[in-house]
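J.: Pasting a predicted model and its sequence here:
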Number of protein chains: 2
Amino acid sequence: MKSSRLSRFVPILAWGRSYDRQLLSADLLAALIVTIMLIPQSLAYALLAGLPPEMGLYASILPIVLYAIFGTSRALAVGPVAVVSLMTAAAVGQVAEAGTAGYAIAAITLAGMSGAILVLMGVFRLGFLANFLSHPVIAGFITASGVLIATSQLKHLLGVAAHGHTLPEMLQSLVAHLDEVNWLTFVLGGAATLFLFWVRKGMKPFLMRLGVGAALAGNLTKAGPVLAVVVTTALVAGLGLQAHGVKIVGEVPQSLPPFTLPSLNITLLGDLLAPAILISVIGFVESISVAQTLAAKKRQRIDPDQELIGLGAANLGATFTGGFPVTGGFSRSVVNFDAGAETPAAGAFTAIGLAIAALFLTPLIFFLPKATLAATIIVAVLSLVDFSILKSAWSYSKADFTAVAATILLTLGMGVEVGVSAGVILSIALFLYKTSRPHIAEIGLVKDTEHFRNILRHDVETHPHFLAIRIDGSLYFANARFLEDYLFARLVKDDSIRDVVINGIAINEIDFSALESLEAINTRLKDMDIRLHLSEMKGPVTDRLKRSHFLDDLTGQLFLTHYQAHCHLRNLPTS
Amino acid sequence: MKSSRLSRFVPILAWGRSYDRQLLSADLLAALIVTIMLIPQSLAYALLAGLPPEMGLYASILPIVLYAIFGTSRALAVGPVAVVSLMTAAAVGQVAEAGTAGYAIAAITLAGMSGAILVLMGVFRLGFLANFLSHPVIAGFITASGVLIATSQLKHLLGVAAHGHTLPEMLQSLVAHLDEVNWLTFVLGGAATLFLFWVRKGMKPFLMRLGVGAALAGNLTKAGPVLAVVVTTALVAGLGLQAHGVKIVGEVPQSLPPFTLPSLNITLLGDLLAPAILISVIGFVESISVAQTLAAKKRQRIDPDQELIGLGAANLGATFTGGFPVTGGFSRSVVNFDAGAETPAAGAFTAIGLAIAALFLTPLIFFLPKATLAATIIVAVLSLVDFSILKSAWSYSKADFTAVAATILLTLGMGVEVGVSAGVILSIALFLYKTSRPHIAEIGLVKDTEHFRNILRHDVETHPHFLAIRIDGSLYFANARFLEDYLFARLVKDDSIRDVVINGIAINEIDFSALESLEAINTRLKDMDIRLHLSEMKGPVTDRLKRSHFLDDLTGQLFLTHYQAHCHLRNLPTS
C-alpha cells in the first residue's frame, strides 16, 4: 500500500521492478538512434536560444534522467525544443545582451523558475489550467513560432548579423544587411538545407529503391543531420573556409555538465516571472499533447499533474547543470517511440550517450559551420508550420477562426509572449461573449412523442395561451439581464399568454445574479397576471434554488418533465 | 419615420410634444424638493471628492439638463454621487495634491474622459459589458465603499488632518492624529450626525404624531439636511466658533458655472484612463439599476445603450462647466420619483434652482462648518452599507460568496480600483473554473415516460450494454479534455459496454477544441469496439457539426430523441 502510493509520485518504482533483458535491448537501440539525432539538434537549439552550443548538450543530460524518474510517459524525450528555445531567446534578450555571461545566467535562472513553477502547479494539481490554451490558439502559436524561428535562422544561412524578435523586425534587419551576405556561407548553408529537406522527404524511398530494408532505411534517415554535420565540418576544416568568413562553432569545452546555480537577484527574477510562467505552460502543453498521443497508441495513461512534476524536475535539473528551459519534444519523442523505447530507461541511456559526446566529441565540432545548424533548425521547424488550421477553423466557427488568426498575427508581429497571451485572453473573451447571449428556443411538442423541440426547426404543436422556452445556456451574471429583456420583448408581442414555462434541461447553473433576475421576472410576470413555471430543472440547479426563497415565491409550479407541464396546462381552463 | 428615428437618439423629442400644464406643475414641485435636498448634498460630495464646494453645485447644473435631453429615464436625477466622488478622490489623488489647481483640473478632465468613454460605449452598443459586474460584486463594492466613505469623513467630524485611501491607512492616520481632536468640532458634528439619523428614522413618524399629513411630513423630512446646515451655520457665525478651530467652508464664488476645458496633457490622460473606465462602468451600473427600478414601477422602458449616451453627455457637460464625474444617484432619483416628477423637465427645473443657489446663496454658507457636510455624507452612505449580502450569498453559492467577500475585503484593504477590478476578474475566473468541469450525469429511463434522468437521483431503467450520459455544459476548450478523462475512467470500470450515447440536450456549444476532443473519443472508442452515438443534439450545434467530418466518421448514429436511441439500442442483438 505504502509502496504503491510512493510509486504514484515516483513512477520509476512501478516499471523498474519488472525491467528485464528484452526491455533493456529495446531501450538501448532506441537510445542510440535518439542520441545520434539529438547531438546536432541540441547544438542547434542552443544557437536558437542565443546560447553557447555546449549548453544544448548539458540541457539534454540530467533533465532526461530526472524526467525518467518522475515523469509518467514511457516514450517522451525531454530536452531543448524549438518553440521553448525561441521563447527563451525572447525572454532573456530583454534582460541581457546575447553572448554575455549575464545572458547565460539569465537562461539558467529561467530554467530554474520554470522548474519551480511546474512543480508547484503539479503539487497544487493545477494541470487543468493548461486547458485554457485552446486548440486554435496552440495551433496558431506553433505555426507562427515556426515561421519566426525559420526566419531567425536566415541570418546564419546568409552569414549576416541581423536581429529582432518579431517578423517585421527580423525582415527589416535582414534587408538592411543584405549587402553583407557571405556567399560561401550561403552556398554551404543552402546546400545543407536542400540536403536535409531531401533526407526528410526522399531519402527513405531512395534507400528502399536501392534495396535497403524499411527499418534500416528509416534509422539511416535519422542520421541524415549527422551526415550533414560531418560533411560540412570536413569541408570547412579541409578548405579553411573559416578564413573566408564562414562562421564556425569554434572551441567547445570538453566536460560533463558543470554545476551551476540560478541567480537570486530580485530584479532579474521579477523581470523573468511572466516569461517563466508562459514558458512553463507552453512547454507543458506541448509535452502533454505529445505524451498523450504516444500513450494512446499503447493504451497507457498519462497523469497530467504528475507530468508537471516530471517536467519541473527536468527543468530544475537543467538549472543546476548549465542548461536552459526544456520540455518534451515532439520529433525526438516520436523517434524514441518509433525506435522501440519501452521504458523511461531509454532516456537514461540517451543521457549517457550525450554525456559521452560532451566529454569526447566536442573537439570534432570546432569547424562545424553555424549555417549547418541553422539548416537543421529550419528544416525541423518548417514541419511545425501548418496554416491549414486557418481554413478548418474558418469553416467550423468564426470565433475559433478569430482566435487563431489573432494569435498568428500577434505572434508574428509582436512576439511570442504577446501572441500567446492575446490568444488566451481573446478565446476567453469570445467564450464569455457567446455565453452572455445564450440561444433561447421557443419549443413545442413533436407529434406522437413526449419530446419538445424548437418551433422554428421542427413541426411541433403549440398553444396560444402558453409560452414554453428552452434556454440553451447557464444563467449567470453576464446574461442575467438578457433573459429578462428577451422574455418581455416576446410577451409584448402577444398578450394572450397566461403561462410561461421555462424548460431548464439546458440550464447548467443559476448563479446569485441570475437568481435575482429570475425573482424580478417572477414579480414582473405576476404584475402582468402571467404565471411562471419551471420544468426539467436539473438536480444540482434545483438543490440550489431550494436554498433561496425563489421556489416559495414562484407563481407557477416546478414540473419534473416538460410533458407534464404541457399536459397540466392544456387541461386547465384558459380563462 | 425620420423624426421617430431621431427621437430614439434624442428622447426629449418624444415626450416634449405632449407636455402640458399638469405635467408642468408636477415637475415643478418635484424640482423644488430635489433642489432643497441637493444643495447640501452637492457641497458635501465635492468635499468628499477633495474639491471646492462650488464644484458640487456646478456638477449638478448642466449635466442634469443634458441628461434630460439625451437620457431615457423619466425620474433619474444626475449629479455627483457618493461612490463616484470617492473614486474621483482616489483617482485624482494619485496624480495631484488635494487643494491645488492641478487637482481640480484633473477632476474636470476625469469627467471629460468618463463622458467620452460612456458616449463611445453607447455608440458601439457596449452596454452589455456592464453585465460582467455581477450582482455580488456590485453589492460588495457598494457596501465597502460606504464604509470607506463614512470613515473618510471622520476626520472632518473630529477636526483633524488625517488622510488615506484604504481603511487601514485611514484608521492608522486617524489614530495618529487623535491628540489633535477639536472638541468643539466634534460636538457640533456629532450633534448634526445624530440629528440627521433622527431625521431619517424618527422625524416622519414624529411629525405625523403631531398631526402633520404623511405627504407633507415626508417632504419636510427631505429638508432635514438643510435645517442642519442652517442651524450649525448660524451657531458658528453667531458664536464665532471658527476662531476656536471649527473648520468652515469659507468664501465660495458667486457665479454661474464657469466655462472650463479638460487638460490634454498625454501623461495625465494616460494616468487617468484606467480610473476613468472604472468610474464610467460603475457609474453606469449604479445609474441603470436605479433607472430600471423606477421605470419598472411605471412600466416604462430603459434603453441601456441610450442611457450610456445620456450619462456620457452629462459628464461632458460637467467637464465644460467646472464639474467632476457625475451619474444617476439613487437617493435623489427616488426623491424625484416620490415627489412626482413626470418628465425629465423636472431635472431641468432642478438645474435652474441650483443655478439660482450658485448665483445668490453662496455667501450664506461662508460659516457652514465642514463637520455638518461630513455628517450629511456619513448619514447618507451608511444606508448603502449592507453586509447581509454576505449571508445570502453564502447560503446560495460558495462561489458567489467568495466573489462578494473578496470584493469587500480588497476594496476596504486596497482601495476602490483594486477592489472592483479584483471582483470582476474573480467572478469571471470562478465561472470559467465551474464550466471547465461540467456536471456529467449517467441517465436512465423514468418508468412509464419517455423521459431520462440522472440514475443517482431518480428510479430509472438502465441496460448493462450501453452507457448513456448527459453532459451538463457546453463543450469548449477549457473542458475539452475533461469529458475524455471522465469517459475512459468510466469505461475502464465496466467492460460489458458496447454503445455509448451522449445526450446533447444540455450541450449549448461545441467549439473547435471540443470537436477535436470528440473526434479523439470516437477513434479511441472505435479501437475498443464501442460505438459512439449522439442524441438530442440541438439545432445550432448539429448545424456546426455538419460543417466538419465528425458526423461522417461517427461510429454510431445521431438520434433526434434520446428515447429513439434507447429503443433502437434495446432491440439490437447485444453480441
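T.: Yep, that arrived.

J.: Quick check: A:T72 touching A:D303?
T.: Yes - here A:T72 reaches A:D303: they are 5.1 Å apart, a contact under C-beta atoms under 8 Å. In short, each C-beta sits where N, CA and C put it, glycine included.

J.: which of these two has more neighbours?
T.: The residue with more neighbours, out of A:T72 and A:D303, is A:T72; 24 against 18, by other C-beta atoms under 10 Å in any protein chain shown.

J.: what about the more buried one, helix or strand, and which?
T.: Under DSSP states H and E, no helix or strand contains A:T72.

J.: contacting residues around it?
T.: Residues in contact with A:T72, defined by C-beta atoms under 8 Å, 6 or more residues apart in numbering or on different chains, are A:P11, A:A291, A:R301, A:I302, A:D303, A:Q306, A:E307, A:G310.

J.: quick one: the second one and chain B, what's the gap?
T.: Between A:A291 and chain B the computed distance is 13 Å (C-beta to the nearest C-beta, to the nearest Å).

J.: Same check on the last one?
T.: Separation of A:G310 from chain B (C-beta to the nearest C-beta) stands at 18 Å.

J.: so what's that residue scoring on pLDDT?
T.: At A:G310, the model reports a pLDDT of 94.

J.: For the closest residue to it other than its chain neighbours, give me phi and psi.
T.: Nearest residue to A:G310 in three dimensions, chain neighbours excluded: A:G71, at 2.9 Å (C-beta to C-beta, 6 or more residues apart in numbering or on different chains). Dihedral pair for A:G71: phi -80, psi 160, per degrees, to the nearest 10.

J.: I'd say A:G71 and A:D305 touch.
T.: No - with contact defined as C-beta under 8 Å, A:G71 does not reach A:D305; the gap is 11.8 Å.

J.: Which one's more surrounded, the two?
T.: With neighbours defined as other C-beta under 10 Å, A:G71 and A:D305 compare such that A:G71 has more, 28 against 15.

J.: what sits against A:A406?
T.: A:G140, A:A422, A:G423, A:L426.

J.: rerun at 6 Å
T.: Shown in contact with A:A406 (C-beta atoms under 6 Å, 6 or more residues apart in numbering or on different chains): A:L426.

J.: and A:H533, helix, strand or coil?
T.: Of the three states, A:H533 takes strand under DSSP: H, G, I helix; E, B strand; the rest coil.

J.: gap between the nearest residue in space to it that is not next to it in sequence and A:K546?
T.: In this structure, A:H533 finds its nearest non-sequential neighbour in A:G556, 3.5 Å apart by C-beta to C-beta, 6+ apart. Distance of A:G556 to A:K546, given as C-beta to C-beta, to the nearest Å: 16 Å.

J.: before we move on, what about A:A429?
T.: Taken as C-beta to C-beta, the span from A:A429 to A:K546 is 34 Å.

J.: Contact residues of the stretch 251-400 of chain A facing chain B?
T.: Within the stretch 251-400 of chain A, the residues that sit near chain B (C-beta under 6 Å from any C-beta of the partner chain) are A:A393, A:S395, A:Y396, A:S397, A:D400.

J.: if I've got this straight, the first one is in a helix?
T.: Read it as A:A393. Yes - counting by three-state DSSP, A:A393 is found in a helix.

J.: circling back to that earlier point, report the separation between the residue nearest to A:G310 and B:T109.
T.: From A:G71 to B:T109 the distance is 57 Å (C-beta to C-beta).

J.: and whatever residue of the stretch 251-400 of chain A ends up closest to chain B, what element?
T.: When scored by C-beta to the nearest C-beta, the stretch 251-400 of chain A has A:D400 as its residue closest to chain B, at 3.9 Å. Assigned by DSSP H and E, A:D400 belongs to helix A:398-414.

J.: Secondary structure and distance to B:F366 added to the contacts of A:T72, as CSV?
T.: Compiled in CSV, the contacts of A:T72 are given as follows (DSSP: H, G, I helix; E, B strand; the rest coil; distance: C-beta to C-beta, whole Å):
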residue, secondary structure, distance to B:F366
A:P11, coil, 82
A:A291, helix, 78
A:R301, coil, 81
A:I302, coil, 78
A:D303, coil, 76
A:Q306, helix, 75
A:E307, helix, 74
A:G310, helix, 76
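
J.: Sort out which of those residues are buried, if you could.
T.: Neighbour counting with 16 or more other C-beta atoms under 10 Å in any protein chain shown marks A:P11, A:A291, A:I302, A:D303, A:Q306, A:E307, A:G310 as buried within the contacts of A:T72.

J.: What is the most widely separated pair among those residues?
T.: A:P11 and A:A291 (12.3 Å; C-beta to C-beta).

J.: now the strands for the stretch 1-150 of chain A?
T.: In the stretch 1-150 of chain A, the segments counted as strands under DSSP state E, counting those that start in this stretch are A:78-79.

J.: Tally up the residues packed near the nearest residue to A:T555 once chain neighbours are set aside, please.
T.: Residue nearest to A:T555 in three dimensions, not counting chain neighbours: A:R531, with 4.5 Å by C-beta to C-beta, 6+ apart. A:R531 has 18 neighbours, counted by other C-beta under 10 Å.

J.: what do you get for the one 4 residues further on?
T.: Close neighbours of A:S535, defined as other C-beta under 10 Å, add up to 24.

J.: contacting residues around it?
T.: A:S535 sits in contact with A:V501, A:N503, A:F559, A:H562, A:A565, where contact means C-beta under 6 Å, 6+ apart.

J.: tell me the domain boundaries of chain A?
T.: Using automatic domain parsing, the domain ranges for chain A come out as A:2-386, A:437-571.

J.: from the contacts of A:T72, which two are the most distant?
T.: A:R301 and A:G310, at 13.9 Å, using C-beta to C-beta across these.

J.: With adjacent residues omitted, what lies nearest to A:K526?
T.: A:T555 (5.2 Å).

J.: where does that neighbour land in three-state SS?
T.: Strictly by three-state DSSP, A:T555 counts as coil.

J.: can you pull the contacts of it?
T.: Taking C-beta under 6 Å, 6+ apart as the test, what A:T555 contacts is A:K526, A:R531, A:L532.

J.: between those residues, which is nearest A:F206?
T.: A:L532 (75.0 Å).

J.: Understood, closing this out.
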